[in-house]
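Participant: What follows is a predicted protein model with its sequence.
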Amino acid sequence: MFLFNRFLHSIIRFVLVSVMTIAMVLGWSAIAHSQLPSLPTAASNDPHKPPSGVTRLGMYEIASVYSPLDRNLLFEIVSPTVFNRSQPPDGSLPVEVRAEEITQRLMRALDRTNKAKQTPLVSIAILNQDLILQLSDDQTTRPLRLVTVTEPDADYHGKTLEVLAQEWQKILQAEVERINRLFSHKVLWQRIGQALQISISLVLGSVVLWLLRRTLIRKQTALQVRHQEQKAAVKQGVVKRAEAETSTTIHTIETSEKKTDADMIAHQRSQFLEMIQRQFSLKRQLGIYSLLTWLLFWTFILMWYIGIVVIMYRVPYLMRWLKDALARPLALLIIWFFISLVIRIGKTLIDRLTDVWTTHSSLPLSETQRIALRAVTVSGALKGLITFVFYYLGYLEVSKRI
């Protein structure tokens, strides 16, 4: 019953950690995307400094405009610098607000492109003496204004308004055609089918890994029972040694044919060291099974992470979260992996040092027995210490990235 409960606890922990990791990959992506439009001033507490995503270059501030489909960079827009965002000059529009407005218009353009029967066209027009780029489709009679090309834009890029407008027109037209192609019924269903195949492969791979892990846990549990029995035998060796010393004195007086004290102590010491060697041999086997279980766990995590990223790359509806899934969740997984790896290496080194310390051949039996008992306490404390230290360092690193 104990072994069954232990096995059940391990399986539940494995499933929970796996689900939490997958949720982290998707959750961080969703959170990051929900914060994407918030380029504005809330990103910086100091109104005299540009917010996140804005670069100040003298009298100009630059922000990037990204694809509404997968957040690839399209072009950079420029506005006059706003030195105090709590009191912007009349008629001035901070560049992050302008970028937000363009982003929202591009999102509307994506929706129009999906509904249009023919590929919409991006054209250059003049509105209130300003050069603009607009989207025309076969579903609406009024074009959608996308971007206004301004003098600061042309000055920053070192081109005339007409030339810059033509470049941005080509970029946006290529983006519209890409959206129209990816959302066509043929391509869309083909990619959704590929995503389903990947999902099925992930589930089947997870079942195989789970079966392998269950087999390893069974063997590890059996070894753990033997290891506990060996530990109990080592502790009993100290008591038997004291009894043996008393009986040795009695036997020496009663008969001269029995072994001398030195011979009996040497024999007991040999048996005790052999018992310790068996204990460390079991511990090394446990370490190997534990390592294999750990590798299976990270194979599972890596498999699902790569699978999710590939699915997001293939399905147009999920492309906008792809870069977020490749950024923060990946960094957190790397930190988690290396911390657990360092802790495992540290614990292995402690076991090796304990083995050398305990089985020193030049020490007397009584000292060897005392060291064997002391080593268990010391190694346990050291393992707890390095676990705490590295988890704390990992927590500090994660806190910087959140």
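Facilitator: On my side now, so go ahead.
Participant: Low-confidence regions, the stretch 251-400 of the chain specifically.
Facilitator: 251-282, 355-376 (pLDDT under 70).
Participant: Okay, helices next: where are they in it?
Facilitator: Ranges of helices within the stretch 251-400 of the chain are 261-314, 322-326, 328-358, 365-401, based on DSSP state H, counting those that start in this stretch.
Participant: same thing with the stretch 1-150 of the chain?
Facilitator: So, for the stretch 1-150 of the chain - with DSSP H, counting those that start in this stretch - the helices run 2-34, 95-115.
Participant: rank the ones you listed by mean pLDDT and give me the bottom one.
Facilitator: Mean pLDDT values for the helices of the stretch 1-150 of the chain show the minimum at helix 2-34, a mean of 48.
Participant: contacting residues around the closest residue to residue 123 other than its chain neighbours?
Facilitator: Excluding the flanking residues, the one nearest residue 123 by CB to CB, 6 or more residues apart in numbering is residue 134, at 5.9 Å. Where you see a C-beta, it was placed from the backbone N, CA and C, and this is true even at glycine. Residue 134 makes contacts with 122-123, 125, 143-146, as judged by CB atoms under 8 Å, 6 or more residues apart in numbering.
Participant: Could you do residue 299 as well?
Facilitator: Residue 299 touches residue 209, counting by CB under 8 Å, 6+ apart.
Participant: Report the separation between it and residue 345.
Facilitator: Remark: distance between residue 299 and residue 345 (CB to CB, to the nearest Å) = 19 Å.
Participant: go on, residue 335?
Facilitator: 16 Å.
Participant: higher neighbour count, these two?
Facilitator: Between residue 335 and residue 345, counting by other CB atoms under 10 Å, residue 335 is the more crowded of the two (16 against 11).
Participant: is it true that that one touches residue 396?
Facilitator: No - with contacts defined as CB atoms under 8 Å, residue 335 does not count as touching residue 396, sitting 10.2 Å away.
Participant: Domain ranges for the chain, per the record?
Facilitator: 35-183, 187-401 (automatic domain parsing).
Participant: remind me which residues of the stretch 101-250 of the chain are low pLDDT?
Facilitator: 227-250.
Participant: so where do the strands sit in it?
Facilitator: 121-127, 130-136, 144-149 (DSSP state E, counting those that start in this stretch).
Participant: which helices and strands sit right next to the first one?
Facilitator: Right, strand 121-127. With contacts taken as 3 or more CB pairs under 8 Å, 6 or more residues apart in numbering; DSSP states H and E, strand 121-127 sits against strand 130-136, strand 144-149, helix 161-182.
Participant: Could you check the ones you listed and tell me which one is nearest residue 215?
Facilitator: helix 161-182 (43.4 Å; CB to CB).
Participant: can you give me the angle that closest one makes with strand 130-136?
Facilitator: 20 degrees (axes from the mean of the first three to the mean of the last three CA atoms, to 10 degrees).
Participant: Could you pull out the buried residues of helix 161-182?
Facilitator: 161, 164-165, 168-169, 171-173, 175-176, 178-180, 182 (16 or more other CB atoms under 10 Å).
Participant: Distance to residue 286 added to those residues, as a markdown table?
Facilitator: What follows is the buried residues of helix 161-182, written out as a markdown table (distance: CB to CB, whole Å):
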| residue | distance to residue 286 |
| --- | --- |
| 161 | 73 |
| 164 | 67 |
| 165 | 69 |
| 168 | 64 |
| 169 | 67 |
| 171 | 60 |
| 172 | 61 |
| 173 | 63 |
| 175 | 57 |
| 176 | 60 |
| 178 | 54 |
| 179 | 55 |
| 180 | 59 |
| 182 | 51 |
